[in-house]
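*Asks:* What follows is a predicted structure for the sequence shown.
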Number of protein chains: 2
Amino acid sequence: MQTCCEQTAVYDPSRQEVACCDCGLDPLCQVVDYGARELADSKVVLRRRQPMQRGELLFSAKHSFSALFAVKSGSFKAISLDMSGKERVVGFYLPGDLIGAEGIANRVHSFTVRALEESSICRMDLDQMPQSGRGNEMLQGALIRMLGQEVNINHLVTSSLIQQNADQRLAAFILNLSTRCGMRGLSQYQLGLSMSRSDIASYLGLARETVSRTLTRFQNYGLIGISKHVLKVVNPEGLQKVTLA
Amino acid sequence: MQTCCEQTAVYDPSRQEVACCDCGLDPLCQVVDYGARELADSKVVLRRRQPMQRGELLFSAKHSFSALFAVKSGSFKAISLDMSGKERVVGFYLPGDLIGAEGIANRVHSFTVRALEESSICRMDLDQMPQSGRGNEMLQGALIRMLGQEVNINHLVTSSLIQQNADQRLAAFILNLSTRCGMRGLSQYQLGLSMSRSDIASYLGLARETVSRTLTRFQNYGLIGISKHVLKVVNPEGLQKVTLA
DNA sequence: CGCGGAGTTGAACTGGGTCAATGAAGGTGG
DNA sequence: CCACCTTCATTGACCCAGTTCAACTCCGCG
């Protein structure tokens, strides 16, 4: 069992990287580290800081679930095919975010996850959960808390998306990115938009032209500054107001 | 510990009621029943078939989490106050549905749940989870599977709502109600719409006038039959087509 | 009987989608 | 190194789905 900051792969550490203590997988990692002895004979394995290239798949829809992941650096998008066969972006993952919990129940992933840039992830193999013991109980407890969080977050996101207009959705989206970065110890006010405008549009249920227009309007209002894929949050209170309107 | 079909409250059994084997809480109930001896000293308590009046609250947002619920008969709606203080319907619960899982992680409920009609619920008090033992592990395992399901369902619902027009949202909504009733052993083709048009509109992110107009249009097309609060699913394949369009 | 809430229907307005043109950036091969 | 291509982004013009506002009906309830 490896301790928290041991390297398992060659990787450039100069990139913005989330600290373990700020990571969504940390509660589980701690259990695994702490319970090393109890879990020693189990198949739970942590592999840290695996590098990934832009465009590479973390896993695919309908493939069997075998591990949970946490973004260490970089970013990912989740894509789902709806019934009519169209691709839809269903989520973005930033450093510290947990990926793959949706697969636990049925042991099958329900969407595809792709790296938006050069990234690194931690991987916790759970294809063979230990069958019993104190370590297992703690692991399960941590899983329950994490899944509960996931349920809550999804509820909030859904609520805010469904009944808001384009301005509100985009303002909420930007603030969401910003606070998530803040929570994870990254900059709240300078965000790297690694995803395309089309990705954002798909995620928010808008046309990409609307995303483009709204962003430039926000910039004209002095709410944000945007050039290419760098977004500066200039006036978070203003954005907050937009979401309420 | 009570066995599955023991009554704990006086309640008129003539109403449409879901069987235990079709109930979302059943995996947990089974664990509790099966592990009665192991859990005997714990604080996990099942209370079955508690009656509730129309308008009565099951729990309120910000109140501390202490139990999971399953709808036995009747129906409920979940209401959340968004940041601007407006009420928003975030979900409907039918017989067999599980309520309250969103509160597990933070031990606090994130929305309010109200009975839409005379209903009954089963209640599993979890404010004091057992600390260890085989029974606990099974309980945790069942919780994990349930939460995982919840995450998946939320994803599907969100996806289908965000990027669809009014017709698609309403058709999907009706089919969703129908299949859920079917899964739980109730009629798929004759649904009781215990919620108001405004509730449906709020849930789907539409104006109540749009819901009204769309329903009558569906009726004119021969897709459904609707009078007051009884909805007949006449042409499910047709509705399915509408969702894809 | 009169009141209030829920539902339906009509008419007018508008936010955002669609279509189209153009520009900017990155990749590839000669 | 440049020419070409592809993909992504921006901006303008137009149009329609769905909101808003308003009138009216229906029903339950004091």
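*Replies:* Looks like it came in fine.
*Asks:* which ones are touching the residue nearest the centre of chain A?
*Replies:* Residue closest to the average C-alpha location in chain A (Cα atoms, centre = their mean): A:Tyr93, at 2.2 Å. Contact analysis of A:Tyr93 by Cβ atoms under 8 Å, 6 or more residues apart in numbering or on different chains lists A:Val71, A:Ser75, A:Phe76, A:Lys77, A:Ala78, A:Ile99, A:Val113. The C-beta positions use only the backbone N, C-alpha and C, and glycine is treated the same way.
*Asks:* Mind checking which of those residues are in strands?
*Replies:* Secondary structure from DSSP state E places A:Val71, A:Phe76, A:Lys77, A:Ala78, A:Ile99, A:Val113 of the contacts of A:Tyr93 in strands.
*Asks:* Do you know the pLDDT at the third one?
*Replies:* On the pLDDT scale, A:Lys77 is placed at 96.
*Asks:* beta partners of it?
*Replies:* Beta-bridge pairing for A:Lys77 (DSSP bridges): A:Phe92, A:Arg114.
*Asks:* burial of the residue of chain A found nearest DNA strand C, as a residue count?
*Replies:* In chain A, no residue comes nearer to DNA strand C than A:Asn165, which is 2.7 Å away by Cβ to the nearest atom of the strand. The local packing of A:Asn165 (other Cβ atoms under 10 Å in any protein chain shown) involves 12 other residues.
*Asks:* give me phi/psi at it?
*Replies:* Backbone torsions for A:Asn165, taken as degrees, to the nearest 10, come to phi -80, psi 180.
*Asks:* from the contacts of A:Tyr93, which is closest to B:Thr179?
*Replies:* Lowest distance from B:Thr179 to the contacts of A:Tyr93 (Cβ to Cβ) belongs to A:Ala78, with 24.5 Å.
*Asks:* I'd guessed the closest one sits against A:Val89; true?
*Replies:* Yes. Using Cβ atoms under 8 Å, A:Ala78 is in contact with A:Val89, at 7.0 Å.
*Asks:* the more surrounded of these two?
*Replies:* Using other Cβ under 10 Å, the more surrounded residue of A:Ala78 and A:Val89 is A:Ala78, with 24 against 21.
*Asks:* In contact with the more buried one, which residues?
*Replies:* A:Val89, A:Val90, A:Gly91, A:Phe92, A:Tyr93, A:Ile99, A:Phe111, A:Thr112, A:Val113.
*Asks:* run the last query once more with 10 Å
*Replies:* Contact analysis of A:Ala78 by Cβ atoms under 10 Å, 6 or more residues apart in numbering or on different chains lists A:58-59, A:61, A:88-93, A:99-100, A:102, A:109-114, A:203, B:155.
*Asks:* what's the answer for A:Phe92, then?
*Replies:* A:71, A:75-78, A:116, A:173, A:176-177, A:180, A:193-195, A:199-200, A:203.
*Asks:* hang on, A:Ala142 in a strand?
*Replies:* No. Read with DSSP: H, G, I helix; E, B strand; the rest coil, A:Ala142 is helix and lies in no strand.
*Asks:* burial measure for it, as a count.
*Replies:* For A:Ala142, using other Cβ under 10 Å, the count is 18.
*Asks:* re the thing from before, top of the ones in strands among the contacts of A:Tyr93 by neighbour count?
*Replies:* Sorting these by how many neighbours each has (other Cβ under 10 Å) puts A:Val71 first, at 29 neighbours.
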